[in-house]
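Novice: model this:
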Amino acid sequence: MRITNQQKSELAGIFKENKLNLIDFEISGKYEDFNIEYKFDYFSFCIVKKDPQKYQTIIKSIKNISSNVVNTNWDGVINNFRVWTKHLSVELNTPNGWETYENYDYLNSNIDDFKKSFSDEEKEFIRKGITYTKEKIKDLDIAPDSLKIIEKKLDELDIKLDELKKFDWKSLFIGTIASLIMSLGVPPESAGLLWEIIKSAFSGFKLNF
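Specialist: Residues are numbered from 1 along each chain as shown. Sure thing, here's the model as predicted:
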């Protein structure tokens, strides 16, 4: 017995309809098993083929961290998967307020920043802010490997303070943080808290974007 490629294709179509990103999920299973797990939380949908007409689904939905086990036919699997992906799409694509940063002035830029470099006093303050950020992000729900990448990028930003004009460095700083959040798949709440840490780290200097 096996779950066929045609059946997997049917599931993939529903997955894409709900605008979920495959890169955020781990797919596993062989022959009679097919498992889809979200990398950054407990959400999962697992299918086990029990006999030619019966399937067991083991579902962890956004509303229930415990597994919900259902025995059904393939049409039931499809219906359950459609509901699961729809609810998951809404959850993952709904802003919760923590991840919003566009409207906050982080870097306080003005026209003079195109020409001016940071003073020694400003560099010292910013470097303290970078050190503070590196310490505080250790408390966030971010994978250790991702933390190392963020810390490395912050160290590179530290070096760039001596090379770039104010405007260029400020733009690089914001762009780097935003890109890291997206490329590393930082969970939304941790992403929001990261921006709050940055806001706190540079509040005295008012690093405004």
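Novice: Now Y38. Nearest residue, chain neighbours left out?
Specialist: Nearest non-adjacent residue to Y38, counting by C-beta to C-beta, 6 or more residues apart in numbering: F25, 5.7 Å away. Quick note: C-beta positions are derived from backbone N, CA and C, even for glycine.
Novice: Need the per-residue pLDDT for the residue of the chain most remote from its centre.
Specialist: Most distant from the centre of the chain: P52, at 38.5 Å, with distances by C-alpha atoms, centre = their mean. With respect to pLDDT, P52 scores 88.
Novice: ok, it touching T4?
Specialist: No: using C-beta atoms under 8 Å, P52 makes no contact with T4, being 11.5 Å away.
Novice: ok, back up a step: need the contact list for the residue nearest to Y38.
Specialist: Contacts for F25 (C-beta atoms under 8 Å, 6 or more residues apart in numbering) come out as I36, E37, Y38, K39.
Novice: Helix, strand or coil: sort out the first one for me.
Specialist: Going by DSSP: H, G, I helix; E, B strand; the rest coil, the secondary structure assigned to I36 is strand.
Novice: Pull the number of nearby residues for the residue lying closest to the residue farthest from the centre of the chain once chain neighbours are set aside.
Specialist: Nearest non-adjacent residue to P52, counting by C-beta to C-beta, 6+ apart: M1, 6.7 Å away. Residues lying near M1 (other C-beta atoms under 10 Å) number 9.
Novice: ok, now how distant is M1 from Q56?
Specialist: Going from M1 to Q56 by C-beta to C-beta, to the nearest Å gives 12 Å.
Novice: For this protein, which segments count as strands?
Specialist: 25-28, 33-38, 44-51, 54-61, 64-72 (DSSP state E).
Novice: Output these in TSV; the columns should cover distance to L193.
Specialist: Below are those laid out as TSV (distance: least, C-beta to C-beta, whole Å):
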stretch	distance to L193
strand 25-28	23
strand 33-38	19
strand 44-51	25
strand 54-61	24
strand 64-72	21
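Novice: and of the contacts of F25, the nearest to I197?
Specialist: Lowest distance from I197 to these (C-beta to C-beta) belongs to K39, with 22.7 Å.
Novice: Please tell me I have it right and that closest one contacts E26.
Specialist: Yes: between K39 and E26 there is a contact at 5.9 Å, judged by C-beta under 8 Å.
Novice: what about G129, how many neighbours?
Specialist: 20.
Novice: Find the nearest non-adjacent residue to it, please.
Specialist: The shortest distance from G129 to any non-neighbouring residue, by C-beta to C-beta, 6+ apart, is to A201 (3.8 Å).
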